[in-house]
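**Student:** quick one, structure for this:
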Amino acid sequence: MSEVKALYTLTKQMFERFKQAGEIDREQLVSEFDEFVEKRGRLIEKLSGDYTDEEKQLGEETLKLDRELRNLVDQYMKSFQQDFASFKKRQVTNKKYINPYQNLQGQDGSFIDKRN
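**Tutor:** Coordinates of the predicted model:
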């Protein structure tokens, strides 16, 4: 199998995995994506400059698919960041609920005379 066809197949598989991102465990998807990036890097290094017409067409389809995959990955990362921000906010709220007087700083019981 040519490197171009292998690259297309790999990209297509990863695209399909990200389309099912809601059904897959995040850690598993991230580890699969790491493996995808490594395999893809190796395949890109092996690419030669001589291509047939079929390989050129497959390369263009791979580029289109790659753009769509990048959009899916960006959307996934945005949702992940939103979830993380929500988690942080809940964490702060829980700490305030447990100890509501933690951040109060006052000088209760003291009087400071400002007259000179």
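**Student:** helix or strand for the residue nearest the centre of the chain, just tell me which one.
**Tutor:** The centre of the chain sits closest to residue 77, judged by C-alpha atoms, centre = their mean, with a distance of 3.3 Å. Under DSSP states H and E, the secondary-structure element containing residue 77 is helix 53-98.
**Student:** for that helix, which helices and strands make contact with it?
**Tutor:** With contacts defined as 3 or more C-beta pairs under 8 Å, 6 or more residues apart in numbering; DSSP states H and E, helix 53-98 has these neighbours: helix 3-19, helix 26-46. Bear in mind the C-beta positions are built from the backbone N, C-alpha and C, glycine included.
**Student:** work out the gap between the longest one and the centre of the chain.
**Tutor:** Chain-centre distance of helix 26-46: 13 Å, with C-alpha atoms, centre = their mean, to the nearest Å.
**Student:** for residue 25, give me phi and psi.
**Tutor:** Backbone dihedrals for residue 25, given as degrees, to the nearest 10, come out at phi -60, psi 140.
**Student:** where does it land on pLDDT?
**Tutor:** Model confidence at residue 25, expressed as pLDDT, equals 82.
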